[in-house]
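Enquirer: please find the sequence and the predicted model below.
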Amino acid sequence: MLSSRPSDTGTATGAGSFGPAGSGEPSGSSAADKLRAIELLGSVRYGRLAMSMRALPFLAVARHMVIEGGVVLRMHRGLGFHESCDGSVVAYGADNFDASASGDADDLWSVQFTGPVQIVRPASDQCERFGTGPSEVNGEHFDPVYLRLDPHLAHMHTLTFDASP
């Protein structure tokens, strides 16, 4: 069981789903969109964490797992990114765009989740589900640290290709 604070989960929005004309606010689109985005996220292993470091935007790669309705990220402690994220609102995105290059997918997708993050300590069986980490990161021994993102917003974008030219 993860140790984390309870959090409200907001409604998910799909691409192009907006509230009243000109409001720019996401509509209360379906919870099914959020579930589908979470399902897609679970089908890939890595994504990109967008955060702010010293008031500047920054991207970092992270391994993720969907655990108990949240997104748990594993990163290298030695880089210190987790300290900038803890208690902040971040965005995390993943996609299957590499499947296009290998010919494995006809349809491409990307998902993005936005919400607060906190440092957590997953149970040992949950840590095992992440699998083996890298042996080194930038020449340092890999020391994992875990963050839990409670997604308040979820966005999903899909690209569908027709077989005809």
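Expert: It's in.
Enquirer: could you tell me which residues within the longest helix seen in the chain count as buried?
Expert: Identified as the longest helix of the chain according to DSSP state H is helix 31-41. Neighbour-count burial for helix 31-41, counted by 16 or more other C-beta atoms under 10 Å, picks out 33-34, 36-38, 40-41. C-beta coordinates here come from the backbone N, C-alpha and C atoms, glycine included.
Enquirer: repeat for stretch 149-164
Expert: For stretch 149-164, burial by neighbour count (16+ other C-beta under 10 Å) applies to 149-156.
Enquirer: residue 59: which of those residues is nearest?
Expert: Checking the buried residues of stretch 149-164 against residue 59 with C-beta to C-beta, the nearest one is residue 149 at 14.8 Å.
Enquirer: hang on, isn't the closest one packed against residue 71?
Expert: Yes: in this structure residue 149 lies within contact range of residue 71 using C-beta atoms under 8 Å: 4.3 Å.
Enquirer: ok, now which ones touch residue 116?
Expert: For residue 116, the contact set (C-beta atoms under 8 Å, 6 or more residues apart in numbering) comprises 7, 87-90, 149-150, 152.
Enquirer: one more time with 6 Å
Expert: Contacts for residue 116 (C-beta atoms under 6 Å, 6 or more residues apart in numbering) come out as 89, 150.
Enquirer: just the one 3 residues further on next, same as before
Expert: Contacts for residue 119 were tallied using C-beta under 6 Å, 6+ apart; they are 82, 86, 147.
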